[in-house]
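In: The following comprises the amino acid sequence and a computationally predicted model.
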Amino acid sequence: MSTTTAQAGTPGAGQDAVVPKAQDDGAGPDRRRRDRLSRHNLAGWLFSTPFLVLFLTFMAFPIVATLLMSFTDFGLRNVTDPLSAQFVGLDNYTKLFQDDKFVKALFNTGYFVILGVPLTIGSGLAAAVLLNSGIDRLRTFFRVGFYAPVVTAIVAVAVIWRFVLDPSEGLIAGLGHQLGIQTPDFLGSETLAMPSLIMMAVWRNMGSAMVLFLAGLQAIPTEVREAARIDGAGIFQEFRRITVPLLRPTMLYVAVMTTIGFLNVFEEPFVMTDGGPNDSTLTISLHMYREGFDFFHMGYASAMAYVLFVIVLAITTLQLRLLKDKTS
Amino acid sequence: MSTTETRAPLAAPASKARRDPAARARRTLVYVLLTAGLIVTVAPFLWMALSSFKTQRELGASPPVWWPSEWTLGNFRELLDRMDVGQALFNSLLVAVFVTVCNLLFCSMLGYALAKLNFAGKRPIFGIVLGALMVPGNLMLLPMFVMMSAMGLIDSYAALILPFAAGAFGVFLMRQFIQAIPDELLEAARMDGAREWYIFWRIVLPLVKPALATLSIFVFLGSWNNFLWPLVATNDPGKYTLPVALATFATDPTQADGSNGVLMAGAFLVVLPVLLVFVLLQRFFTQGIATAGLK
């Protein structure tokens, strides 16, 4: 039942689905319409109230407060007495770019995104295309398997991978030993720690990209593919000329969501490497967390949160532009 | 089932495909690739599950031992000794249940208003919902901590529940599903004099049970796995959720050596309920993503 609902909402319903349906103006006397509108007004607001209260308290207010805090020297003593924080202007922001650790964190986060996002999208798309390529048996089985890492707590994932990568007792070290290869200490090496975290993140996020691509692929009408086949298109031509263009809205969504998630990467380095060795896996979020909650430089950490937010916004907007332009 | 039927013609009519050696070779290749991918995905889980039952000697064995020759519950026993698993389990469960119930109610309420009521402010509210989907949680972290400290709510269940009591994703999901209910049905109830709350509670909610199921799985798992905020909002081990307890244990330098088996046992306890729920209800899960993700 709900499958039909899901699919009915899927194809074609683009951004304009956002626009509420116009009231049917002709029917009924004016009075009754006005009554109904006011009734809807009251009910609409009452139904919205719980969400709005929670939204204002736990989202809107903190977002504004972060901005205000970023212009102050907010520290430990201000946790009990917020109003005594001193206004310091743009000091926190100028300090950020003289902070070697922040510059390094910026670089590391970029590295994580630039390598991680395309790998996640690529493997997710590959899995979806394989699952959609005419196999009828075991499809659910494979889908569940690929998706399992997505629903697993990141902390558990980190614990598992730390063990897999462990240089003395780990799975990879053991397999290497069997083959007579000396495997490196992945997480202990400045050059290999970040790629290891990226590999883990790709492993963990591939499934969610796959599910979205699968939904996108299933929304492509069969007739289109058949027509292409009849016109003599091969598999690769079909993929390039039919699948890729029609999958563009999905691609856009997956790319934007994955990028936002990866730009905010925190848990992986926090539990796996604690930012080390030698800050080689220190990310912006981890640096912010440390400055904020380990050293209580909360004004400074707020400035960092905002710089990250602006980066996320800028990249998201850029992605929306680039990927959308190609569609039209 | 209908998906299988629509897909079959892609590989040319089914009967021909079976005889066509090229199509068969291709299908074999697809299965081989999928299986290879699956092994990579699932191997770490298997390794974890099996390792949590291994003895210290086999944990450190090189070459690695996959199948424990001697099964032991020692790791689990040690975990229970060193970490208050029962309390953490209880905390995680309590928080997840409350968060889920709140989301089901609040998100479907707003979802209904956005889908079926025409009221002034509907557009800006929907804009807020879409905007909230995009804002990273890290941005709220610092003032939220200050706010909770000021209210004396650090180390309270309220601090763990309230910030997640209504998510934009849930509103979006519910709106999508509720929109599919025919207007005539609700209009007829209104003609009969039903109030909006009655319509919502007695007509709309029963009709979107699959959506509610989907949302509850999402929210429950999301809450169960949530890490950063519970880490910040709790200092008292008695209020730790399971992931925080495990992470605290895992990153504690005094636990450094010989705790791999114990950590695997901990990971096993965190992962097992979630994987069970997911495998049993995965249909709702993937459906929900498809619906909310693509609109």
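Out: Perfect, I can see it now.
In: Was I right to think A:Ile160 contacts B:Ala265?
Out: No. In this structure, A:Ile160 is not within contact of B:Ala265 by C-beta atoms under 8 Å, at 11.7 Å. C-beta: built from backbone N, CA, C; applies to glycine.
In: lowest-confidence helix or strand of chain A?
Out: Every helix and strand of chain A was ranked by mean pLDDT, DSSP states H and E. The lowest is helix A:2-9, at a mean of 34.
In: Show me what residue of the stretch 1-150 of chain B gets nearest to chain A.
Out: B:Phe119 (2.8 Å; C-beta to the nearest C-beta).
In: ok so that residue is a helix residue?
Out: No. Counting by DSSP: H, G, I helix; E, B strand; the rest coil, B:Phe119 falls outside a helix, being coil.
In: Spatially, and excluding backbone neighbours, which residue is closest to the residue nearest the centre of chain A.
Out: For chain A, the residue sitting closest to the mean C-alpha position, by C-alpha atoms, centre = their mean, is A:Gly261 at 2.7 Å. Using C-beta to C-beta, 6 or more residues apart in numbering or on different chains and skipping the chain neighbours, the partner closest in space to A:Gly261 is A:Asn205 (7.1 Å).
In: which stretches of the stretch 151-295 of chain B form helices?
Out: Here the stretch 151-295 of chain B has its helices, by DSSP state H, counting those that start in this stretch, at B:157-161, B:168-179, B:183-191, B:196-198, B:205-207, B:209-225, B:228-233, B:242-250, B:260-294.
In: before we move on, the earlier item: can I assume the residue nearest to A:Gly261 is in contact with A:Val150?
Out: Yes. Under the criterion of C-beta under 8 Å, A:Asn205 makes contact with A:Val150 at 6.9 Å.
In: out of those two, which sits in the more crowded spot?
Out: A:Asn205 (24 against 20; other C-beta atoms under 10 Å in any protein chain shown).
In: give me the number of residues near residue 81?
Out: Looking at chain A here, since you left the chain open. When neighbours are counted by other C-beta under 10 Å, A:Asp81 comes out with 9.
In: please go with chain B instead
Out: Using other C-beta under 10 Å, B:Asp81 has 10 neighbouring residues.
In: Show the low-confidence segments of the chain, by residue range.
Out: Since you didn't name a chain, this refers to chain A. A:1-39, A:325-328 (pLDDT under 70).
In: could you do chain B instead?
Out: Ranges of chain B meeting pLDDT under 70: B:1-19, B:62, B:253-258, B:286, B:289-295.
In: Name the residue closest to the centre of it, please.
Out: Centre-most residue of chain B, counting by C-alpha atoms, centre = their mean: B:Leu221, 2.8 Å.
In: nearest residue to whatever residue of chain A ends up closest to chain B other than its sequence neighbours?
Out: Using C-beta to the nearest C-beta, the single residue of chain A nearest to chain B is A:Gly44, 2.8 Å away. In space, A:Gly44 comes closest to B:Phe119 once its chain neighbours are excluded; the distance is 2.8 Å by C-beta to C-beta, 6+ apart.
In: Also B:Leu73?
Out: B:Phe53 (7.3 Å).
In: How many residues are close by that neighbour?
Out: B:Phe53: 20 surrounding residues under other C-beta under 10 Å.
In: can you tell me how far it sits from A:Val159?
Out: 16 Å (C-beta to C-beta, to the nearest Å).
In: do the same with B:Thr248
Out: Distance from B:Thr248 to A:Val159, counting by C-beta to C-beta: 12 Å.
In: With A:Thr243 instead?
Out: 38 Å.
In: Can you report how many residues neighbour B:Lys54?
Out: Quick note: B:Lys54 (other C-beta under 10 Å) scores 25 neighbours.
In: Now do the same contact list for the spatially closest residue to it that is not a sequence neighbour.
Out: Leaving aside its sequence neighbours, B:Lys54 sits nearest to B:Pro68 (C-beta to C-beta, 6+ apart; 4.4 Å). Listed by C-beta atoms under 8 Å, 6 or more residues apart in numbering or on different chains, the contact set of B:Pro68 reads B:50, B:53-55, B:58.
In: go with 7 Å
Out: Contacts for B:Pro68 were tallied using C-beta atoms under 7 Å, 6 or more residues apart in numbering or on different chains; they are B:50, B:53-54, B:58.
In: so of those residues, which ones are in strands?
Out: Among the contacts of B:Pro68, DSSP state E puts none in strands.
In: and those residues as JSON lines, adding distance to A:Leu106?
Out: Formatted as JSON lines, the contacts of B:Pro68 follow (distance: C-beta to C-beta, whole Å):
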{"residue": "B:Leu50", "distance to A:Leu106": "40"}
{"residue": "B:Phe53", "distance to A:Leu106": "43"}
{"residue": "B:Lys54", "distance to A:Leu106": "42"}
{"residue": "B:Glu58", "distance to A:Leu106": "43"}
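In: Return the subset of those residues lying in helices.
Out: B:50, B:58 (DSSP state H).
In: which one of the contacts of B:Pro68 is nearest B:Tyr240?
Out: Checking the contacts of B:Pro68 against B:Tyr240 with C-beta to C-beta, the nearest one is B:Phe53 at 25.0 Å.
In: Look up how far B:Trp66 lies from that closest one.
Out: Counting by C-beta to C-beta - B:Phe53 and B:Trp66 are separated by 12 Å.
In: interface residues of the stretch 151-300 of chain A facing chain B?
Out: A:151-156, A:159-161, A:163-164, A:169, A:171, A:174-175, A:177-178, A:203, A:208, A:211-212, A:215-216, A:218, A:222, A:225-226, A:250, A:253, A:260, A:264, A:266-267, A:271, A:274, A:285, A:288, A:292-293, A:298 (C-beta under 7 Å from any C-beta of the partner chain).
In: Narrow those to those that are buried.
Out: When neighbours are counted using 16 or more other C-beta atoms under 10 Å in any protein chain shown, those contain these buried positions: A:151-156, A:159-161, A:163-164, A:169, A:171, A:174, A:203, A:208, A:211-212, A:215-216, A:218, A:225, A:250, A:253, A:260, A:264, A:266-267, A:271, A:285, A:288, A:292-293, A:298.
In: residues near B:Glu196, how many?
Out: By other C-beta under 10 Å, 22 other residues sit near B:Glu196.
In: Skipping adjacent residues, who's closest to it in space?
Out: That would be A:Ala43: by C-beta to C-beta, 6+ apart, it lies 3.9 Å from B:Glu196.
In: before we move on, what about A:His297?
Out: With C-beta to C-beta, 6+ apart, the residue lying closest to A:His297 is A:Glu291, at 4.6 Å.
In: quick check, distance from the longest helix seen in chain A to the centre of its chain.
Out: Ranked by residue count under DSSP H, the longest helix found in chain A is helix A:100-131. From the chain centre to the centre of helix A:100-131 is a distance of 10 Å (C-alpha atoms, centre = their mean, to the nearest Å).
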